[in-house]
Structures are given as structure tokens and as C-alpha cells.
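Q: Predicted model and sequence below, questions to follow.
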Amino acid sequence: MKKILLIEDDSDLFALLKYNLEKEGYVFAGSQTGKGAVEFCRRERPDLIILDIMLPDSDGLEICKSIRAHPELAALPVIFLTARATETDRIVGLELGAKDYIVKPFFVRELIARIKIQFRGQTSPVRTLKVGCLELDRNSCRVFLNGGELTLTATEFRLLEFLMSRPGVVFSREQLLNAVWGRDRAVTDRTVDVYILRLRQKVELDAANPAFVRSVRGFGYSFNETGRAAASGTESIAQPA
């Protein structure tokens, strides 16, 4: 089931779109302010974003630019829904990375049709990631080890999900900070090491000999794509840097 995220300050229009999107079978998430929009998108993990440009506290164009620059959100389709109707406005919106540009007033059925076009041919993202005895459910934001549920913070969950969804890829601390904490952050590289340690204490069968989250000395961290074998003790894993 696809999730649509709407950022629109007009209360009547917000309620109208919420009703019609849910009627069409979409999961709805929305905000009537642009403040914290990127973090809201990261938290909600939508399949498509409908974005007003002229928000009372934010510029929708800048929000779109931030979405396109964020590694977790860059691939999400964005549809601008706005009263700005000039040719220049349309061109700027599309050049910033929007997939579509709809001018108010509009027909709700047309918007629904354009949303369906964006999903046409798309394959559903994998909602459950599993390696060996470790399983992560993106829908419920839950993690299981050997069938037992683990208690992870939101940041620990995002960090694990980011690594698990890209097995074998080595990420620097800076890359992980940008992907998990975002570019507007007040944390340092040391924060990554602290969270990796906490994560290992929760997801590893033996935190001193990690099978899943491995260190690559001088580079950063990577998720071990052969974690099944490593968890059973049949593969040697590099020790933390």
C-alpha cells in the first residue's frame, strides 16, 4: 500500500485531499507547515510527496532542493501543487527535480491520475530486510534477532536500515552522518562510532566479534552481506577500528 505525504497549509484543501487519497486506498501523512519538512519525510518514509510552494513559513522550492540532496529521499517523486502558474515557475519547479507540476485550482481526479502515473511500472520496495537471524521490518519499524524483538531508538533503527539496505558498501562516517542525521545537524563524526557501538550491543550475538556491522579500518563501516555465515561462526570478521 503506497503512502502519500502532503505538505499544504490550506486547511480546507488539506482535508479534501486527505479524504480523497485515503478513499483511493493510499496511506496518508501530512503537515500544514513546511518547518522540519525533510525530517518529517525521513520519519514517515512516503512513496510520493505532494508539496505546496508558497508555504507561510517555508519555500517549497527550497524544500524540494533539500529532498533531492538527501540520500534517503532523493529518489522520491515530488509533485508540486501550487497557485504559481507562470511558465518560468513551472520550468524552475521541474528543473529542481519535481516529477510533475499542478496548478491550483485543479480537479482532484486529475491529481489522483497523475499520482497513479508516477507509480506506474514501479516495483514495490522491499519492506522486510533479513540477513541470517537478523530481521528488520520497515512497515512496523521493528527489528528481530533470533525471533525476539529488539528495542532500538529511532536513530539506531535508521542507521541499521541504511546499512542493511546497502550490504557490502563501505560508508565513511561523514556519509553516515548525512544519510542518518541529515546535513542540518549538530553532531560530530564521533557520534557515528557511539551509535555503531550501541547498535552492535543490541543486534550482534557477540558485540566483541560483530557479524553484521563491520569496521573497515581507515574507511568507515559496512553491513556484512554474509552475516548468516558470520553469525554462525564460520567466517572471520574484521575487528572494530
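A: It's in.
Q: Domain-wise, how is this structure divided?
A: Structural domains assigned to the chain are 3-119, 128-231, following automatic domain parsing.
Q: Least reliable of the ones you listed by average pLDDT, please.
A: Of all the domains of the chain, mean pLDDT reaches its minimum on domain 128-231 (a mean of 85).
Q: hmm, back to that, in a markdown table: the domains of the chain, plus mean neighbour count.
A: From N, CA and C alone the C-beta is placed, and that goes for glycine too. A markdown table is the format used below for these (neighbours: other CB atoms under 10 Å):
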| stretch | mean neighbour count |
| --- | --- |
| domain 3-119 | 17 |
| domain 128-231 | 17 |
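Q: Helices of this structure, residue ranges please.
A: 11-23, 37-44, 60-69, 87-95, 108-119, 154-164, 173-176, 189-203, 227-231 (DSSP state H).
Q: Quick one: closest of the ones you listed to Arg142.
A: helix 154-164 (8.6 Å; CB to CB).
Q: how far is that closest one from where the chain is centred?
A: Between the centre of helix 154-164 and the centre of its chain there are 10 Å (CA atoms, centre = their mean, to the nearest Å).
Q: wouldn't Phe52 be in contact with Ile79 here?
A: Small correction: residue 52 is Asp, not Phe. No: counting by CB atoms under 8 Å, Asp52 stays clear of Ile79, with 10.4 Å between them.
Q: Pull the contacting residues for Asn65.
A: Quick fix: residue 65 is Lys, not Asn. Counting by CB atoms under 8 Å, 6 or more residues apart in numbering, Lys65 touches 96-97.
Q: same check, this time on Cys141
A: Neighbour list for Cys141: 154, 157 [criterion: CB under 8 Å, 6+ apart].
Q: now it: how far from His70?
A: According to CB to CB, to the nearest Å, Cys141 stands 19 Å off from His70.
Q: do the same with Gly121
A: 24 Å.
Q: same check, this time on Asp59
A: The value you get for Asp59 to His70, if CB to CB is used, is 16 Å.
Q: What of Cys41?
A: Look at Cys41 and His70: by CB to CB, they are 8 Å apart.
Q: got it, and Leu94?
A: 19 Å.
Q: can you check Leu159 too?
A: Counting by CB to CB - Leu159 and His70 are separated by 15 Å.
Q: Please apply the same query to Leu48.
A: Between Leu48 and His70 the computed distance is 15 Å (CB to CB).
Q: repeat for Lys202
A: Distance, Lys202 to His70, by CB to CB: 26 Å.
Q: List the residues that contact Leu163.
A: The contact partners of Leu163, taken as CB under 8 Å, 6+ apart, are 171, 213, 221-223.
Q: Repeat the analysis, applying 10 Å as the threshold.
A: The contact partners of Leu163, taken as CB atoms under 10 Å, 6 or more residues apart in numbering, are 129, 136, 169, 171, 176, 179-180, 196, 199, 212-214, 221-224.
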